[in-house]
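Engineer: the sequence and its predicted three-dimensional model are supplied below.
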Amino acid sequence: MIKMTPKTMAIIYFLIGAMFISVAVQVTGESIWRFPTILLALVATLEFGVGIRMLIIHFKIKSQKKKK
């Protein structure tokens, strides 16, 4: 079984966020201010936020291990 580290999870979240952005760009028609586009952009923002938090956790764990 693959060990899921915060770094791996961050990469996965960034990839999912990029996927949501690409779908939002494709869904955009005449106007960017449509509900599906805004919803997809919001979900992508949340995914990138979780990815950044996972990277912060990764670096905190790394610095804790370095201190020991």
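Structural biologist: Received, thanks. Every value quoted in this text rests on a predicted model; they were computed, and no experiment measured them.
Engineer: now stretch 16-29: buried residues?
Structural biologist: By 16 or more other C-beta atoms under 10 Å, the buried positions in stretch 16-29 come out as 16-17, 20-21, 23-24. Yep, even glycine has a C-beta here, placed from its N, CA and C like the rest.
Engineer: correction: stretch 35-50
Structural biologist: Buried residues in stretch 35-50, counted by 16+ other C-beta under 10 Å: 37, 40-41, 43-44, 47-48, 50.
Engineer: now those in TSV, with secondary structure, distance to K3 and pLDDT?
Structural biologist: Output for the buried residues of stretch 35-50, formatted as TSV (DSSP: H, G, I helix; E, B strand; the rest coil; distance: C-beta to C-beta, whole Å; pLDDT from 0 to 100):
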residue	secondary structure	distance to K3	pLDDT
T37	helix	37	93
L40	helix	31	95
A41	helix	32	95
V43	helix	27	97
A44	helix	27	97
E47	helix	22	97
F48	helix	23	98
V50	helix	19	97
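Engineer: in TSV, list the residues you listed along with distance to Q64.
Structural biologist: TSV is the format used below for the buried residues of stretch 35-50 (distance: C-beta to C-beta, whole Å):
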residue	distance to Q64
T37	41
L40	36
A41	35
V43	32
A44	31
E47	26
F48	25
V50	21
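Engineer: and of those, the nearest to S63?
Structural biologist: V50 (20.6 Å; C-beta to C-beta).
Engineer: excluding its backbone neighbours, what's nearest that closest one?
Structural biologist: Nearest-residue entry for V50: Y13, 4.9 Å, with adjacent residues in sequence omitted and distances by C-beta to C-beta, 6 or more residues apart in numbering.
Engineer: for I11, same thing?
Structural biologist: The shortest distance from I11 to any non-neighbouring residue, by C-beta to C-beta, 6+ apart, is to G51 (7.7 Å).
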